[in-house]
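Colleague: Need a 3D model of the following:
(one chain, ligands or ions: 1)
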Amino acid sequence: MPESAEEFYRRALAAADADGRLPLPPLDEWDTFPFEGEFRVRPLQAPAEEKPREGEGGVDCGRCATGDEDALWSDQHWLVAPLPRPSGLPVVVLLYPKAHVDLHELPPARQAELGPLIVRVERAVAGIEGIARVHVGRWGEGSEHLHVWFMARPARMTQLRSSFAAIWDDILPPVPEDVWRESNAAIGRALAAGGGRAHV
Ligand SMILES: [Zn+2]
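Modeller: Numbers count the residues shown, from 1 in each chain. Sure, this is the predicted structure:
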């Protein structure tokens with residue numbers, strides 16, 4: 001039987017110090033960790049009520065309200081949009097179903113489209129000059145409306161490898177607006193070559 005949240009918490013807490021702080025992992029061995037200096041782990045918080053996500057039940061959903069207004073590309077059921085403004089990584093785009101559903105609620109026809117679409121978006125982003133890798137992620141903690149992240153890691157910037165790239169995206173200065181627009185437009189065009197239409 002899986003652990004309850006209380007059991008999970010108590011077991012973890014037993015490994016923590018008197019303040020509820022767990023030992024630090026070997027940060028000095030993680031060359032992609034963006035920070036240095038003295039660190040300590042935050043005290044582990046006790047189980048709490050789940051917080052409602054943005055757009056819960058389709059009410060006041062930002063994505064549903066925006067529709068494909070900010071899209072780089074869309075087809076009948078899906079769209080790809082960038083963040084509202086440039087961030088640190090050269091390209092960050094998100095794939096959304098047009099309908100307000102979470103991953104587990106996708107109807108079978110959309111499920112069958114999702115795999116090929118992830119590959120299409122990955123290829124479109126990787127097709128931008130100077131991109132070595134595209135990180136693909138789905139967390140679903142902020143907004144209920146399904147969104148899959150695509151984060152481009154610049155070639156030869158090997159310190160930005162792996163999962164800390166999402167933190168480096170907040171640390172690095174934003175990409176110049178014109179470069180960002182050009183890359184986003186290229187992604188829209190690349191996707192439209194396989195069906196649907198570019199909005200840029
Ligand atoms: Zn929605």
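
Colleague: going forward, measure contacts between C-alpha atoms and count neighbours the same way
Modeller: Fine.

Colleague: counting contacts, what elements does the longest helix along the chain pack onto?
Modeller: Counting residues, the longest helix found in the chain (DSSP state H) is helix 108-126. Counting contacts by 3 or more Cα pairs under 8 Å, 6 or more residues apart in numbering; DSSP states H and E, helix 108-126 packs against strand 131-137, strand 148-154, helix 177-192.

Colleague: interface residues of the protein facing the ion?
Modeller: Counting by Cα under 5 Å from the ion, the chain comes close to the ion at 61, 63-64, 100, 145.

Colleague: quick one: G37 from L27, how far?
Modeller: Using Cα to Cα, to the nearest Å, one gets 10 Å for the distance from G37 to L27.

Colleague: neighbour-wise, which of the two wins?
Modeller: L27 (13 against 5; other Cα atoms under 10 Å).

Colleague: quick one: contacts of stretch 4-19?
Modeller: For stretch 4-19, contacts defined as Cα atoms under 8 Å, 6 or more residues apart in numbering pick out 20-23, 43-44, 46-47.

Colleague: JSON lines for those, including secondary structure?
Modeller: Converted to JSON lines, the contacts of stretch 4-19 look like this (DSSP: H, G, I helix; E, B strand; the rest coil):
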{"residue": "G20", "secondary structure": "coil"}
{"residue": "R21", "secondary structure": "coil"}
{"residue": "L22", "secondary structure": "coil"}
{"residue": "P23", "secondary structure": "coil"}
{"residue": "P43", "secondary structure": "coil"}
{"residue": "L44", "secondary structure": "coil"}
{"residue": "A46", "secondary structure": "coil"}
{"residue": "P47", "secondary structure": "coil"}
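
Colleague: which one of those residues is nearest the ion?
Modeller: Nearest to the ion among the contacts of stretch 4-19 is P47, at 27.9 Å by Cα to the ion.

Colleague: what pairs with the residue minimising distance to the centre of the chain across the strands?
Modeller: Closest residue to the average C-alpha location of the chain: W149 at 3.4 Å, with Cα atoms, centre = their mean. In this entry, W149 is beta-bridged to L94, G137, by DSSP bridges.
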